[in-house]
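Undergrad: Next input, structure requested:
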Amino acid sequence: MPKGFLPMNELLRAAAADGYAVPSFCAWNAESMITVLSVAADLRAPVILMNGPGEYPLLGPSDMAAVAHTVIRRFSQPVALHLDHGNSVPLVCECLAAGYTSVMLDFSQRPYRENAAAQREVVQLAHPRGVTVEGELGTLGGIEDEIAASHIILTNPEDAKKFVEQTGVDALAIAIGTSHGAYKFKATPTLAMDIVEKTHKLIPNTYLVMHGSSSVPKELVDEVNKFGGKVPNAMGVPIHMIQQAIKLGVRKINIDTDGRLAFTAAIRKYFVEHPEGFDQRKYLGEARQAIFTWIQSKMKDFGTAGHANDYKGITLKDTMARYAK
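TA: Below you'll find the model as predicted:
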């Protein structure tokens, strides 16, 4: 496997062929990138590094990509670098120029026509570079007692088919009742798995993406709260539901909140147990180990571990040729 980032399309293509999903972890600096990639190397797993507008106040797209391209030289497993929830076409262009191998423009809360038109523009910009494009249709939120909240727009499978045909996106994030953050639900969730199944049948060659997929494990929440945190009543998506979605056709899983909880819990614990401590190398070391363990569990949960050899080292140049046909 050549060193360097691969088109995300190729990771998802292999995942579809073997029936697993590739996790996409938020990575915003060299330490977080190295941690994710070290786990992937140990488990021989493909993985996606993602970041976006939420991280760019810390490090802009060009610098973020420069760090990522430096870090990846140490590793040889299949990895993609993904712009998550891009909020403008100029930002997409900046990420394309910086060397991202996958981009997402999130206009899901805008009118359908505006969303579709913008996605077509992004596809026309990205595909000639061999870069994968992810779109989103529907808005994230929760479902309680089988009833969708009034502000939630679940993805219509027929609209998804039309959207893909009109835009040419490679991957599509669909809304099935999940939401971002730690407070996804007030009770045991109900997700619209029928939407996953119907959409996959209508567009089997488009890779479905599940956003807002953190499980918010009780043990992590309890650990944060035990050491002075206040994260009451947090609830996420149970692992068995994510695994069901994978069986029905989801090929990319976005997760971030769980990692934040693991990271924060470890730091809080360190300072309670070591009130004299101030050396960031020590408490960040504890935090990195915590997310290392968490990442391992996700790669096993999603069936990703052991699949690093599913790839043939397809490059952006190879993908450019495919798109040109």
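Undergrad: So residue 108 is in contact with residue 138, correct?
TA: Yes - counting by Cβ atoms under 8 Å, residue 108 touches residue 138, with 6.4 Å between them. All C-beta atoms are positioned from the backbone trio N, CA, C, and that covers glycine.
Undergrad: between those two, what contacts are shared?
TA: Common neighbours of residue 108 and residue 138, counting by Cβ atoms under 8 Å, 6 or more residues apart in numbering, are residue 175.
Undergrad: the more surrounded of the two?
TA: residue 138 (23 against 20; other Cβ atoms under 10 Å).
Undergrad: For that one, which non-adjacent residue is spatially closest?
TA: Nearest residue to residue 138, sequence neighbours excluded (Cβ to Cβ, 6 or more residues apart in numbering): residue 175, at 3.0 Å.
Undergrad: can you count the residues close to the one you found?
TA: 24.
Undergrad: quick one, what contacts it?
TA: 108, 136-141, 152-155, 195.
Undergrad: So which residues of the stretch 51-200 of the chain form strands?
TA: 79-86, 102-105, 132-137, 143-144, 147-148, 171-174 (DSSP state E, counting those that start in this stretch).
Undergrad: Now residue 56: closest residue in space that isn't a chain neighbour?
TA: Residue 56's closest residue in space is residue 64 (Cβ to Cβ, 6+ apart), at 7.2 Å.
Undergrad: wait, I meant residue 34
TA: residue 71 (5.8 Å).
Undergrad: go on, residue 264?
TA: That would be residue 224: by Cβ to Cβ, 6+ apart, it lies 5.7 Å from residue 264.
Undergrad: wait, that neighbour sits on residue 231?
TA: Yes - the pair residue 224 / residue 231 is scored as a contact, 5.2 Å apart, by Cβ under 8 Å.
Undergrad: out of the two, which sits in the busier spot?
TA: residue 224 (24 against 17).
Undergrad: quick check, that one in a strand?
TA: No - looking at residue 224 with DSSP: H, G, I helix; E, B strand; the rest coil, it is helix, so not inside a strand.
Undergrad: give me every residue that touches it.
TA: Contacts of residue 224 (Cβ under 8 Å, 6+ apart): 231, 261, 264-265, 268.
Undergrad: Check it and give its pLDDT.
TA: With respect to pLDDT, residue 224 scores 82.
Undergrad: likewise residue 173?
TA: 95.
Undergrad: Report the contact partners of residue 80.
TA: Per Cβ under 8 Å, 6+ apart, neighbours of residue 80: 5-8, 10-11, 48-49, 101-102, 132.
Undergrad: next one: residue 295
TA: 23, 25, 35-36, 39-40, 259.
Undergrad: from those, which two are the most distant?
TA: Taking Cβ to Cβ as the measure, the contacts of residue 295 span a maximum distance of 14.2 Å, between 40 and 259.
Undergrad: Settle it for me: which of the two has more neighbours?
TA: residue 40 (26 against 23).
Undergrad: can you tell me the helix or strand for the more buried one?
TA: helix 30-43 (DSSP states H and E).
Undergrad: Could you list every helix and strand in contact with that helix?
TA: strand 22-26, strand 47-51, helix 61-71, helix 280-301 (3 or more Cβ pairs under 8 Å, 6 or more residues apart in numbering; DSSP states H and E).
Undergrad: No further questions, thank you.
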